[in-house]
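# task: produce atomic coordinates for the following.
(2 chains)
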Amino acid sequence: MKRTANIDLGAMRKAPKSFVFKPLALAVTVGTLIGCSDDSQEAQIFTSADDCISNNPDQVEQCQLAYKEAVDEAVQSGPKYSNIEACVADFGAQNCTSYTSSNNQSFFMPFMTGYMLSSLLNGGFRSAPLYTSYSRYSPAYGKWTSTDGNLYGSTRNRNVRVGNKAFNPKPAVKRTMSRGGFGSTISAKSSFSGKSSRSSWGG
Amino acid sequence: MFRSIITQRPHWRESASEYGFSFHTMHGEAYWDESAYYQFSLKQIERDIENPTQELHQMCLEVVAKVVEDQELLEKFQIPSNHWDYIRNSWHCGEPSLYSRMDLVYGGSGHAKLYENNADTPTSLYETGFWQWLWLQDQVNAGKLNRQADQYNSLQEKLVNRFAQLKLQHPGETLYFSCCKDTDEDRGTVQYLEDCAQAAGVNCKFIYVEDIGLSADNCFTDLDNLAITWMFKLYPWEFMLREEFADNLAQSNVSWIEPPWKSVLSNKALLPMLWKMFPNHPNLLPTFFEDELKNSQLQNYVKKPIFAREGANISIHLAGKEVYSSPGPYGDEGYIYQAYSPLPAFGDNFTLIGSWLVNDQPAGISVREDKNKITQDLSRYMPHIIL
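Next up, the predicted model:
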């Protein structure tokens, strides 16, 4: 046979799309509490630097540094909303704050309510910010959730096994200086044909 | 190879809207035309199209390897000198390609001849990989075509497999898909590729070419100000290399599909280079650069701009006289001269074969018909079968 053996026609259908509210922050809610896979590791969850210090009195500096890293990561890649209502819908009332970025954009973010720390025992550590939602309509209600919307179980949990990826920096929000630096040739060439709609720029 | 009339599927327009095929009619004219189909024998497909396509592709890669090392040739290919290193590096790093389409002159007998290679931004992909596939299935199920009828078209399968391979080189990365605003056809093509990538488990996101941003630290950004690291663009390299963001390409660290070295392949200067490196190859037409025309003894030839799309700015010269020309905005970068080899006529239609590759694997054909000798963007797409 010289042709594609099978095509999933269901996947190829483009039914008219109905509007679905997709919260920015919680778009991905795949549980990634890892069982026993090789790259998983123990992580502890703390609600503050002091919480960390009281549990690890000999690790004051690491607790503080890890907290600061989590806060920085939260600013860089945490959930961001253009209006407070959307933030409250996902994270609940009194759980959102306004924030102005270095390029003067202002938006709303949930408070970081905890941070996750990989085992302090082996010297180094990795940390990641965590949030929780007080809105009972949110999938993250009463649960820990990360910047990319992964859920880490009930907020009562303080010890979790997570994949290494949980600590990977999330894609950083950049400061965009300009747009429109690609695509200018077509406007120059398209005036030629005089057609009402532009045809392909492919070949 | 022959052309047969066939009853159209009664509800194909409804079906088209169900599957999101929105550009079957363009500028008030039919683009998808299922009032007829082309029939090939398996031998014609394999011996005359599939095998030569594979061989031609390898020859083209040899041209790239030579051109990227040669300043004089890079100049002939009209590649801006400030991007030579960028393109050379992309070739040396073996940056992976996704797909291309070779246009062949073939009428059922003799050697197929390469017209040109659309290796950077080929379109008519959805129509080929999916829509004509569905047509065959529907017509067989309706009893209008023999159950044994096959089609030379493993495009979708190969695209999905290719995306699955590429994904391994980009763990956890989002693949951005991009085309220009205001073209249904390009948007449809890109959506199809996105569907194929998604089927391979790739995380996808769309952004228009015009909306791509540049950050202070030299990253290209999406509309959420996230860095773009991996991108498919249905937008030609020859344009990108001359636009405002061109100087940021090398530092932006984006893996592009198609990769920058494709700017050598999708360039019509490829054709005289092929003839120089593989003279008298049965699947090539004698083709020359401007400065070689005098000594070439070409009497009947087609003059094509080094950069052009959709059959624009092409003229036919017979016995030294221009007998036909198509208008267009291209030609500033010079021309190449290809021996005249008219498209085969089926009735009053001129027929052009598009032979697809996914990476370096031949993957199927598209058949386009035009009332005109030069296939332009208003030509009609016809389905085909193998029997």
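# average pLDDT across stretch A:76-93?
Averaged across stretch A:76-93, pLDDT comes to 83.
# residues of it that come out buried?
Using 16 or more other C-beta atoms under 10 Å in any protein chain shown as the burial criterion, the residues of stretch A:76-93 that qualify are A:76-81, A:86-92. Where you see a C-beta, it was placed from the backbone N, CA and C, and this is true even at glycine.
# residue contacts, the spatially closest residue to residue A:134 that is not a sequence neighbour?
Among residues not flanking residue A:134 along the chain, residue A:92 sits closest, at 2.8 Å (C-beta to C-beta, 6 or more residues apart in numbering or on different chains). Shown in contact with residue A:92 (C-beta atoms under 8 Å, 6 or more residues apart in numbering or on different chains): A:133, A:134, A:135, A:138, A:141.
# and stretch A:78-94, C-alpha only, in PDB?
Coordinates of the C-alpha atoms in stretch A:78-94 are reproduced here as PDB (Å, rounded to 0.1, in the frame of the first residue of the first chain):
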ATOM      1  CA  GLY A  78       3.900  32.400  38.000                       C
ATOM      2  CA  PRO A  79       0.300  32.700  36.900                       C
ATOM      3  CA  LYS A  80      -0.500  36.200  35.700                       C
ATOM      4  CA  TYR A  81      -3.900  37.700  35.000                       C
ATOM      5  CA  SER A  82      -4.900  40.900  33.300                       C
ATOM      6  CA  ASN A  83      -7.800  41.400  35.700                       C
ATOM      7  CA  ILE A  84      -8.400  40.600  39.400                       C
ATOM      8  CA  GLU A  85     -11.700  38.800  38.700                       C
ATOM      9  CA  ALA A  86     -10.000  36.100  36.600                       C
ATOM     10  CA  CYS A  87      -7.300  35.600  39.300                       C
ATOM     11  CA  VAL A  88      -9.900  35.400  42.100                       C
ATOM     12  CA  ALA A  89     -11.900  32.900  40.000                       C
ATOM     13  CA  ASP A  90      -8.900  30.600  39.900                       C
ATOM     14  CA  PHE A  91      -7.300  31.200  43.300                       C
ATOM     15  CA  GLY A  92     -10.100  32.600  45.500                       C
ATOM     16  CA  ALA A  93     -10.800  35.900  47.300                       C
ATOM     17  CA  GLN A  94      -8.000  37.600  49.200                       C
END
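# identify the residues contacting the host helix or strand of residue B:194?
Here residue B:194 sits within helix B:184-199, counting by DSSP states H and E. Defining contact as C-beta under 8 Å, 6+ apart, one finds that helix B:184-199 is touched by A:8, A:11-12, A:14, A:197, A:199-202, B:20-23, B:26, B:98, B:123-126, B:129-130, B:156, B:159-160, B:163, B:175, B:177-180, B:204, B:206, B:232, B:234.
# what is the neighbour count of residue B:189?
Using other C-beta atoms under 10 Å in any protein chain shown, residue B:189 has 24 other residues around it.
# can you name the next helix or strand after the longest helix along chain A?
Longest helix in chain A by number of residues, with DSSP state H as the criterion: helix A:60-77. Note on helix A:60-77: by DSSP H and E, the next helix or strand toward the C-terminus is helix A:84-91.
# run the chain-centre distance for that next one.
In terms of C-alpha atoms, centre = their mean, to the nearest Å, the centre of helix A:84-91 is found 15 Å from the chain centre.
# what is the following helix or strand past it packed up against?
Later in the chain than helix A:84-91, the nearest helix or strand by DSSP H and E is strand A:96-100. Counting contacts by 3 or more C-beta pairs under 8 Å, 6 or more residues apart in numbering or on different chains; DSSP states H and E, strand A:96-100 packs against helix A:84-91, strand A:106-110.
# run through the residues that contact whatever residue of the stretch 201-350 of chain B ends up closest to chain A.
The minimum distance from the stretch 201-350 of chain B to chain A, using C-beta to the nearest C-beta, falls at residue B:245 (3.2 Å). If a contact means C-beta under 8 Å, 6+ apart, then residue B:245 has A:181, A:182, B:212, B:214, B:220 as its contacts.
# beta partners of the last one?
As for beta bridges, residue B:220 partners with residue B:214 under DSSP bridges.
# number of nearby residues for it?
Neighbours of residue B:220 (other C-beta under 10 Å): 25.
# mind listing what it touches?
Applying C-beta under 8 Å, 6+ apart, the residues near residue B:220 are B:212, B:213, B:214, B:227, B:228, B:231, B:245, B:248, B:252, B:254.
# are any of those buried, and which?
When these are checked for burial by 16+ other C-beta under 10 Å, the buried set is B:212, B:213, B:214, B:227, B:228, B:231, B:245, B:252, B:254.
# restricted to helices, list the residues you listed.
Using DSSP H, these in helices are residue B:252.
# ok, now which ones touch the nearest residue to residue B:161 once chain neighbours are set aside?
Leaving aside its chain neighbours, residue B:161 sits nearest to residue B:200 (7.4 Å; criterion: C-beta to C-beta, 6+ apart). Contact analysis of residue B:200 by C-beta under 8 Å, 6+ apart lists B:160, B:161, B:162, B:163, B:164, B:167.
# and the most centrally placed residue in chain A, which of the three is it?
The centre of chain A sits closest to residue A:148, judged by C-alpha atoms, centre = their mean, with a distance of 2.3 Å. Following DSSP: H, G, I helix; E, B strand; the rest coil, the label given to residue A:148 is coil.
# C-terminal to the top strand by length along chain A, what's the next element?
For chain A, the strand with the greatest residue count under DSSP state E is strand A:40-46. Using DSSP H and E, the next helix or strand after strand A:40-46 towards the C-terminus is helix A:49-55.
# who are the packing partners of that following helix?
Short answer (3+ C-beta pairs under 8 Å, 6+ apart): helix A:49-55 packs on strand A:40-46, helix A:60-77.
# pick the most deeply packed of those.
strand A:40-46 (a mean of 19; mean count of other C-beta atoms under 10 Å in any protein chain shown).
# who in the stretch 1-150 of chain B is up against chain A?
Contacts of the stretch 1-150 of chain B with chain A, taken as C-beta under 8 Å from any C-beta of the partner chain, map to B:18-20, B:26-27, B:42, B:45, B:101, B:118, B:120-123, B:129-130, B:133-134, B:136, B:150.
# buried subset of those residues as a PyMOL selection?
To isolate the buried ones among those in PyMOL, judged by 16+ other C-beta under 10 Å, type:
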select buried, chain B and resi 19+20+26+45+101+118+120+121+122+123+129+130+133+134+136+150
